[in-house]
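Novice: need a structure here:
(one chain, ligands or ions: 1)
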Amino acid sequence: MKIASITSMKYDHVLQQLPVGIMLINKDDRIEFANAMARELCELANDNDLQSLSEIIDHPATINVKQLHQHVESIDTIKINQQKVLSVYRPFFSEQGTLMGIILMFESLHTFDKQVREFTDKKMLESIIEESMKHHHYDFRVVMPDKTEWFVSQKWQQLSKKEKQWVDLLATKAINARREISDRVQVSSNRGGSLEIICKPLWNHGKIAGCMQFVNKSSEQETDEELTIARQLIRKLESSYRMSDIIAVSPAMNIAKEQAKLYAKMHTPIMIKGEVGTGKQMMARAIHDLSEWRDYPFYFIRFSELQNAITKKLPIKQKGTYYIYMDSKLTQDRQEQLLEIMTKQHHIRIIFGTATAIHATDWLDGLYDMLQRYVMVLPNLKERSEDFQPLIMSIINMLNQKYQKNVSAIDDHLLTHWIKQDWPGNVMQLERTLEKQVLRVSFGTEVLTLDQLEQADIDSPVPSVTFQNRSLQEAIDQFEKDYIFSALKQNQFNKSKTARELGVSVRNLYYKMEKYNMERGANS
Ligand SMILES: Nc1ncnc2c1ncn2[C@@H]1O[C@H](COP(=O)(O)OP(=O)(O)OP(=O)(O)O)[C@@H](O)[C@H]1O
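Specialist: Next up, the predicted model:
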């Protein structure tokens, strides 16, 4: 890729405004980008791009830079006007560490007055450019120790008088304190929003030579957008799983984890089988995290959504991992489309999850073969009693944080009682049962006991109604959550049946389950 295409576009506005000549030179010594000052100093016409640097400058020092990968400083002569310039050549690397080209910075020896020349020490120039690239979304200025401005970017002028005063004050602070200072304030204009500022002292031969300031002004709406993005990010992080998050003491779960690690490195579709709530989606996320798709999104989608998609083609296009939950059948044309994606779209990783058996008769031959090729089975809770206690403790830790409780253990009688129970909803059901229990006990309770359990009728779909210092909405939500959960449990977690009995659409049921965290990350 051309260095100019990735660099100049991103930093163009910053580079163009700098009062020094900047050029991006590719590995063949050709100029890919020259800012306004470089063009002026070298008398370059606008369409003069892609000239060789040696046509412009006498004996440029590029060979040394390429061979030694080091900065080189020199005094060069511009051919066209014989002007002498102070030059700094810096190697420029890709993210992978390979040399892509050279950044050349130069300034005229004659046009700068003494003070500026002293100030624009080449090392400092480099740091100015480096910093301005790091903060390229910000407006910036450079001020001298005596507070005179050396460089001011265009939008800086739009700051109000009050904002400028505040920014000046911060510059003085940073210069006096000889360290970086940053701050953020609410803007009091009728547009609202906030102003964020970073001040970095600049050094020249061990002395403070000025201060570089970056300002980012965002409106109320932009601040809200930032918040929304931050929330989405948190949500994404919360709903992402790593292999190390998966509790596995039992042999069955350990085998599943080892198998998952192996599959994660492959490109083929995977099928994760397991009863409801055994952790299929969690495992799919952990596989995604270990795979080469880890930096791309994880999509959760159900067969029912694929079947009913309003688009002619399946909505599976983006690079990333698609965890597809097999909650219904697919018609033949949809199966053909899916098979085509699986065989031709190599940028897409597909992981299937199912809680029901797969019958060859329901599937196209090719698709059925693929579904059967790499299968892993997650054990149900009964088959992994060794995991019971660590799972309980990990869930309790999470609940303690969520509800500010202090439970640190469960007694042996309760553990034995629970191990003996059937858990049709598996870990998901265990989570719900523990949540109810932790919510019931007082703040000081450290141990969950069988007695507490017997006192409370945990399986009652209708909790006893006592005022608990919660708002009406919170109480209604809690009731809805309990009611849906007991309906799910009664129907062996069959979601279509539960939705029918509750008189809601399956889609609405999924929505509520997601809202009440009965199924993780459904829309990340
Ligand atoms: N081994 C485990 N370690 C930690 N948490 C687990 C483990 N197994 C399951 N869980 C937890 O159980 C809950 C249910 O898991 P998940 O949603 O992945 O199940 P599922 O099999 O995909 O369910 P469904 O079939 O209903 O979609 C999640 O909150 C998950 O964190």
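
Novice: need the contact list for the nearest residue to residue 508 once chain neighbours are set aside.
Specialist: Leaving out its chain neighbours, the residue that sits closest to residue 508 by C-beta to C-beta, 6 or more residues apart in numbering is residue 499, at 7.1 Å. C-beta coordinates here come from the backbone N, C-alpha and C atoms, glycine included. Counting by C-beta atoms under 8 Å, 6 or more residues apart in numbering, residue 499 touches 505-506, 508-509.

Novice: so which of these also contact the ligand?
Specialist: Filtering those for neighbours of the ligand using C-beta under 6 Å from any ligand atom leaves an empty set.

Novice: coming back round to it: run the chain-centre distance for the helix or strand encompassing the residue nearest to residue 508.
Specialist: Assigned by DSSP states H and E, residue 499 falls within helix 495-502. If you compare the mean C-alpha spot of helix 495-502 with that of the full chain, they lie 35 Å apart, counting by C-alpha atoms, centre = their mean, to the nearest Å.

Novice: which residues touch residue 128?
Specialist: Applying C-beta under 8 Å, 6+ apart, one finds that residue 128 lies in contact with 18, 142, 202, 212.

Novice: Please apply the same query to residue 286.
Specialist: Contacts of residue 286 (C-beta under 8 Å, 6+ apart): 241-243, 245-246, 260, 264.

Novice: now it, what's its secondary structure?
Specialist: Counting by DSSP: H, G, I helix; E, B strand; the rest coil, the backbone at residue 286 sits in helix.

Novice: So what's the predicted local confidence for it?
Specialist: You'll see residue 286 listed with a pLDDT of 93.

Novice: on that earlier part again, got the contacts of residue 128 as JSON lines, with neighbour count, secondary structure and distance to the ligand columns?
Specialist: Formatted as JSON lines, the entries for these read as follows, by neighbours: other C-beta atoms under 10 Å; DSSP: H, G, I helix; E, B strand; the rest coil; distance: C-beta to the nearest ligand atom, whole Å:
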{"residue": "18", "neighbour count": "22", "secondary structure": "coil", "distance to the ligand": "51"}
{"residue": "142", "neighbour count": "25", "secondary structure": "strand", "distance to the ligand": "51"}
{"residue": "202", "neighbour count": "25", "secondary structure": "strand", "distance to the ligand": "50"}
{"residue": "212", "neighbour count": "24", "secondary structure": "strand", "distance to the ligand": "47"}
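
Novice: tell me, which of the contacts of residue 286 make contact with the ligand?
Specialist: Among these, the residues that sit close to the ligand (C-beta under 6 Å from any ligand atom) are residue 246.

Novice: Of the contacts of residue 286, which belong to strands?
Specialist: Here DSSP state E is the test, and these give no hits in strands at all.

Novice: related to what we said a few turns ago, ranking the contacts of residue 499 by neighbours, who comes first?
Specialist: Neighbour tally across the contacts of residue 499 (other C-beta atoms under 10 Å): the maximum, 20 neighbours, falls on residue 509.

Novice: Just the buried positions in the one helix or strand that one maps to, please.
Specialist: Counting by DSSP H and E, the element that carries residue 509 is helix 506-515. Within helix 506-515, the residues that qualify as buried are 506, 509-510, 512-513, counting by 16 or more other C-beta atoms under 10 Å.

Novice: which parts of this protein sit against the ligand?
Specialist: Taking C-beta under 6 Å from any ligand atom as the criterion, the neighbours of the ligand within the chain are 246-248, 253, 274, 276-282, 325, 353, 355, 391, 427-428, 431, 519-520.

Novice: got the contact list for residue 407?
Specialist: Counting by C-beta under 8 Å, 6+ apart, residue 407 touches 396, 399-400, 438, 441, 445-448.

Novice: Residue 388 now?
Specialist: Under the criterion of C-beta under 8 Å, 6+ apart, the contact list for residue 388 reads 381, 415, 418-419.

Novice: Buried subset of the residues you listed as a PyMOL selection?
Specialist: Buried members of the contacts of residue 388, defined by 16+ other C-beta under 10 Å, are picked up in PyMOL with:
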select buried, resi 381+415+418
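
Novice: and of the contacts of residue 388, the nearest to the ligand?
Specialist: Comparing the contacts of residue 388 against the ligand with C-beta to the nearest ligand atom picks out residue 381 as the nearest, at 8.5 Å.
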